[in-house]
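**Q** Turn this into a structure:
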Amino acid sequence: MVSASSQHGRKYYRLSSEGKKFLKIPPGLRSNALAWYMTHLKKEEFEQLLSILETLQERNLPTDYVETGRLSGVEKHAAKVILCGWLEPTGLIKRTPTGREFTLNTNLYRKSLEAHSPQDLFPPYNPLRTEVHPAYLVKSPEMHHKALCDIVITNISPSIIPVKLSITLNEIVHSYVAGLDFEKSVTVGSLESKKVPITMQLEGILSESFAPVEAGSCQIEHPPGVTWQRLPVLHLVSKAEFYEITIKQLMRQLELNVIRKGKSDRPDLIISPVRIKQDADEFLRGEEFKTFVEITSTDVLNSTKIQADLDKFKRHKRKVEMMSGGRRQLILGPSIASDVRINEFATDHPFTVMSINDLEYLVRKCDESQIKDWALIGRILCFDGLMQRNLIDKMFDEYMKEAQNFLDKYKKQIAEILCEGYTQAPPRELAEAGLLIRADTGYIPSSTLLKLLSHGTFRSKASDLIDGYSA
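**A** Numbers count the residues shown, from 1 in each chain. Predicted structure coming up:
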């Protein structure tokens, strides 16, 4: 993949011709290609990897890397990198059901040895007249997720066509698919598009080194011939990584800025209502308000885990090189233990504890109301203590009452803005609340004000204001 050269006593590396060929392979098939390259290496090219493969042909290797090093003759840190960073993500090995040992994927290993080129390991396909939805899936075998997709077959001929379907899974994915369900024959009418649902039941334990790969291909056989359709790119992740990705998406739906760190000595996420205009590292070190997010993947977030996360705050603050911007913590888990008492924790910084289910509830509530105002969201995510669904409802109600009082108090000025499109001298509170934006002609309504007035609770109130101003 790379070649070395020396110049002025220093060694330089560059892509070899083989590396350039590799980069032309679609990203979703590069893991398959790597499997082929690794099984066709010469001993002098990667002796440690070949030593581990030779050992795996005779016996399983434990996830205790000290013991693995002893059994294979490979240094323990190198053994960990080879097993978790190279062999497992390419499907050449997989973990046993206990998760404590690695075993050789003999089927893929044999196919890879017998293949004449990396392309021989790719699932065949032909995309004509077919498509797949969605194109990308993030799923966790550890959580027994179902990977669902639809093959859409469009018949552009003038006659009815019977179709037979068969699926070839990518060998990397195959090890984690416990069940595969789809309709094996359908009839597609002229100028008709028909969806064929496909369900892949996932199972297994894996590390966080997996790259997204194509799930496989679907052979669509019909009287004129055969068409191949690629299945979605499937990103298999651990339970912990799935929660991190999910919560990052939820925070972005709340229109927050999110930086994902995801390392053991860093917070899982850093969120802020402040738009990141400068370099991300500069933002991290800056004074802007930020919240450190800790995420647990265990089914129940208990007092012991909460205290452990609280203890990480100062260390994480030091690691991301910011002393004043990170002021509080948000601790999230799938569910919260019923015996958690917030006043029992030893800490000197503010924090919020919340279940992922309640965070999803907050996002749904904001989406339905079309209100993504930090004055409301910040009040919820920065609540000191345990945030639950009933408190979310209460804070929403309080926010709506405050907004109602605000509209009543400044109805003349708001009516002027709505009817004239601007105002020259608004009350200071309107601008400070983010309801107005300064423009060349004066102040115009902000998106926050327009969204607020479009909400069902205030839509009739806005109409009354306009009618009163016009009269």
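
**Q** mean confidence for the longest helix anywhere in the chain?
**A** The longest helix of the chain (DSSP state H) is helix 389-409. Across helix 389-409, the average pLDDT comes to 85.

**Q** other SSEs contacting that helix?
**A** helix 356-369, helix 374-381, helix 456-470 (3 or more Cβ pairs under 8 Å, 6 or more residues apart in numbering; DSSP states H and E). The way it works is simple: take the backbone N, C-alpha and C, and place the C-beta from them, glycine included.

**Q** weakest of the ones you listed in terms of mean pLDDT?
**A** Among these, helix 456-470 has the lowest mean pLDDT, at a mean of 46.

**Q** what sits against Glu203?
**A** Residues in contact with Glu203 (Cβ atoms under 8 Å, 6 or more residues apart in numbering) are Pro141, His144, Tyr176, Val177, Ala178.

**Q** Quickly list what the residue nearest to the fourth one when sequence neighbours are not counted is bridged to.
**A** So that's Val177. Among residues not flanking Val177 along the chain, Met200 sits closest, at 5.0 Å (Cβ to Cβ, 6 or more residues apart in numbering). Judged by DSSP bridges, the bridge partners of Met200 are Ala147, Leu180.

**Q** so what pLDDT did Met200 get?
**A** For Met200, the model assigns a pLDDT of 98.

**Q** Please report how far it lies from Ser190.
**A** In this view, Met200 and Ser190 are 31 Å apart by Cβ to Cβ, to the nearest Å.

**Q** likewise Glu47?
**A** 61 Å.

**Q** How about Glu402?
**A** 59 Å.

**Q** Pretty sure Ile82 sits against Glu47.
**A** No - with contact defined as Cβ atoms under 8 Å, Ile82 does not count as touching Glu47 (10.9 Å).

**Q** more crowded one of the two?
**A** Comparing Ile82 with Glu47 by neighbour count (other Cβ atoms under 10 Å), the higher total belongs to Ile82, at 24 against 13.

**Q** Which residues are in contact with the residue nearest to Val177?
**A** By Cβ under 8 Å, 6+ apart, Met200 lies in contact with Lys146, Ala147, Leu148, Leu169, Val173, Val177, Gly179, Leu180, Ala215, Leu234.

**Q** Return the closest of those with respect to Ser446.
**A** Leu148 (39.6 Å; Cβ to Cβ).

**Q** For Leu310, pull up the helix or strand it's in.
**A** Assigned by DSSP states H and E, Leu310 belongs to helix 303-311.

**Q** For that helix, enumerate the helices and strands it packs against.
**A** Checking 3+ Cβ pairs under 8 Å, 6+ apart, helix 303-311 ends up next to strand 326-333.

**Q** as a whole number, average confidence for the strand it packs on?
**A** Averaging pLDDT residue by residue across strand 326-333 gives 85.

**Q** how long is stretch 69-87 end to end?
**A** Start-to-end span of stretch 69-87 (Cα to Cα, to the nearest Å) is 15 Å.

**Q** what distance separates it from the middle of the whole chain?
**A** Taking Cα atoms, centre = their mean, to the nearest Å, one finds stretch 69-87 lying 29 Å from the centre of the chain it belongs to.

**Q** residues in contact with it?
**A** Residues contacting stretch 69-87 (Cβ under 8 Å, 6+ apart): 34, 38, 48-49, 51-53, 55, 59, 61-62, 65-66, 68, 93, 102, 207, 209.

**Q** Show the buried residues in those residues.
**A** The neighbour count (16 or more other Cβ atoms under 10 Å) marks 34, 38, 48-49, 51-53, 55, 61, 65, 68, 93, 102, 207 as buried among the contacts of stretch 69-87.

**Q** out of these, which are inside helices?
**A** Leu34, Met38, Gln48, Leu49, Ser51, Ile52, Leu53, Thr55, Tyr65, Thr68.

**Q** Save the residues you listed as a markdown table, and put in pLDDT and distance to Ser369 too.
**A** Converted to a markdown table, those look like this (pLDDT from 0 to 100; distance: Cβ to Cβ, whole Å):
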| residue | pLDDT | distance to Ser369 |
| --- | --- | --- |
| Leu34 | 93 | 48 |
| Met38 | 94 | 53 |
| Gln48 | 94 | 57 |
| Leu49 | 95 | 55 |
| Ser51 | 95 | 60 |
| Ile52 | 95 | 55 |
| Leu53 | 95 | 57 |
| Thr55 | 95 | 59 |
| Tyr65 | 92 | 51 |
| Thr68 | 94 | 54 |
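
**Q** quick one: which of these is nearest to Ser117?
**A** For those, the closest approach to Ser117 (Cβ to Cβ) belongs to Leu34, at 13.3 Å.

**Q** Ser207 versus the closest one, what's the distance?
**A** 16 Å.

**Q** what does Thr168 give?
**A** Distance of Thr168 to Ser207, computed by Cβ to Cβ: 26 Å.

**Q** residue ranges for the strands of the stretch 1-150 of the chain, please.
**A** With strands called from DSSP state E, counting those that start in this stretch, the stretch 1-150 of the chain shows them at 2-7, 10-15, 61-62, 93-95, 101-104, 130-133, 136-139, 146-155.

**Q** Having no further points to raise, I will conclude here.
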